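Participant: Sharing a model prediction with you, sequence too.
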Amino acid sequence: MPYLKKCSMFKVPGSMFQVPCSGFHVPGSESRVPSPESQVRTLNFEPGTLNAKLRARGVSLVEMIVVIAVTGILAAVVATFIQRPVEGYVDAVRRAELTDIADTALRRMTRDVRTALPNSLRVTANGNVRYIEYLQTSGGGRYRAEVDSGGLGDPLDFTAADATFDVIGPMPALAAGNAIVVYNLSSDPATTSNAYVGDNRASYSSNTATTITLTAAKLFPFNSPGKRFQVVQTPVTYACDPLPGGTGELRRVSGYAIQAAQPNNINAAPLSTAPVNALLARNVRDCAFSYAEVSQRTGVLALRLQLESGGESVRLFQQVHVNNVP
């Protein structure tokens, strides 16, 4: 019986691999099993060649298309979930901004109206534009009505024109261009003791620690029951021109000359030529001003302001107590 010899394991020269024989050698047979050396020559390769081929393989076009498609699907799913929260945040920020602008404008108007000369507030409208006007004061004081027990002092005379008078108590702050008003009773030009007309208003010239001097002698029509006078700085007008027919702006105008009739045209003198013309709010959709005298000494000013932007709208309403005690 022929003798069969089994091949053993062979180590590849210059390598860490071992290769087994793939067959058997039969003595006297012509069949030959490839020698281990030939198998070694077949498997022998330079170190690093296999990794280099794998690295050089790259990405196919199909793989790129699949990645792009999956990324797009994921992005669409994520966008669907975060769209509403983001839109809600943007809307909330816009509403907060509009509310802040409207609130700031109404607070400014409220603060100004509380410094108005008693009985000087007047409201009107011209077409789509609403106007508020008042005379702004910087302070006031008490004038001397009679001489003291020693016959001294300079009282304000209401029987003849007088250019000087003493102040009882602290001297108010005074500046060039100010006016002295005594016992203002109305803003109607047809009435007496009206600061707009000027029968109870005199221009300030100078002062000492105790005495005020007017630019010209003045006979005031009425004596104040409280012996009070006010220092007027300038007239102030708030003009609101709402959308869609107007500019959508709320403006504060001051520094112009006092007018007997209320100015009601923002684009004409004296409002258009006033030295101070400040923008308080844009995107004004609606506004309304109304004034009612609750009593002879008290009035109420109602303010409504609506702002609109980017589909969001806010409306604020405020009432202001007006002190009309002259």
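Facilitator: In hand now; what should we look at?
Participant: so what's residue 322 closest to, chain neighbours aside?
Facilitator: residue 299 (3.9 Å; C-beta to C-beta, 6 or more residues apart in numbering). C-betas here are computed from N, CA, C, even on glycine.
Participant: Do I have it right that the one you found meets residue 290?
Facilitator: No. Between residue 299 and residue 290 there is no contact under C-beta atoms under 8 Å: 10.8 Å.
Participant: residues contacting residue 94?
Facilitator: Contact analysis of residue 94 by C-beta atoms under 8 Å, 6 or more residues apart in numbering lists 309-310, 312.
Participant: Out of those residues, grab the one that's most surrounded.
Facilitator: Counting neighbours by other C-beta atoms under 10 Å, the top entry in those is residue 312, with 18 neighbours.
Participant: got the contact list for that one?
Facilitator: Going by C-beta under 8 Å, 6+ apart, residue 312 touches 91, 94-95, 98.
Participant: Okay, strands next: where are they in the stretch 1-150 of the chain?
Facilitator: Along the stretch 1-150 of the chain, the segments classed as strands by DSSP state E, counting those that start in this stretch run 5-6, 10-11, 18-19, 24-25, 122-126, 129-143.
Participant: Give me the contacts around the fifth one.
Facilitator: Contact partners of strand 122-126, identified using C-beta under 8 Å, 6+ apart, comprise 130-134, 187, 262, 264-265, 289-291, 301.
Participant: average model confidence for it?
Facilitator: Averaging pLDDT along strand 122-126 gives 97.
Participant: Kindly format the C-alpha coordinates of it as CSV.
Facilitator: Included here for strand 122-126 are C-alpha records, laid out as CSV according to Å, rounded to 0.1, in the frame of the first residue of the first chain:
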residue,chain,number,x,y,z
ARG,A,122,-55.6,121.1,25.5
VAL,A,123,-56.4,118.3,23.0
THR,A,124,-57.3,118.5,19.4
ALA,A,125,-57.2,116.5,16.1
ASN,A,126,-56.5,117.4,12.5
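Participant: and that strand, how far from the chain's centre?
Facilitator: 27 Å (C-alpha atoms, centre = their mean, to the nearest Å).
Participant: who does it pair up with?
Facilitator: strand 129-143 (antiparallel) (DSSP bridges).
Participant: Could you identify the helix or strand that succeeds the partner strand?
Facilitator: strand 162-168 (DSSP states H and E).
Participant: same for that next one, what does it pack against?
Facilitator: With contacts defined as 3 or more C-beta pairs under 8 Å, 6 or more residues apart in numbering; DSSP states H and E, strand 162-168 has these neighbours: strand 129-143, strand 211-218.
Participant: can you put these in JSON lines and add distance to residue 168?
Facilitator: Output for the helices and strands packed on strand 162-168, formatted as JSON lines (distance: least, C-beta to C-beta, whole Å):
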{"stretch": "strand 129-143", "distance to residue 168": "4"}
{"stretch": "strand 211-218", "distance to residue 168": "11"}
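Participant: can you pull out the strands in the stretch 201-326 of the chain?
Facilitator: So, for the stretch 201-326 of the chain - with DSSP E, counting those that start in this stretch - the strands run 201-207, 211-218, 228-241, 249-254, 276-281, 284-293, 298-309, 312-323.
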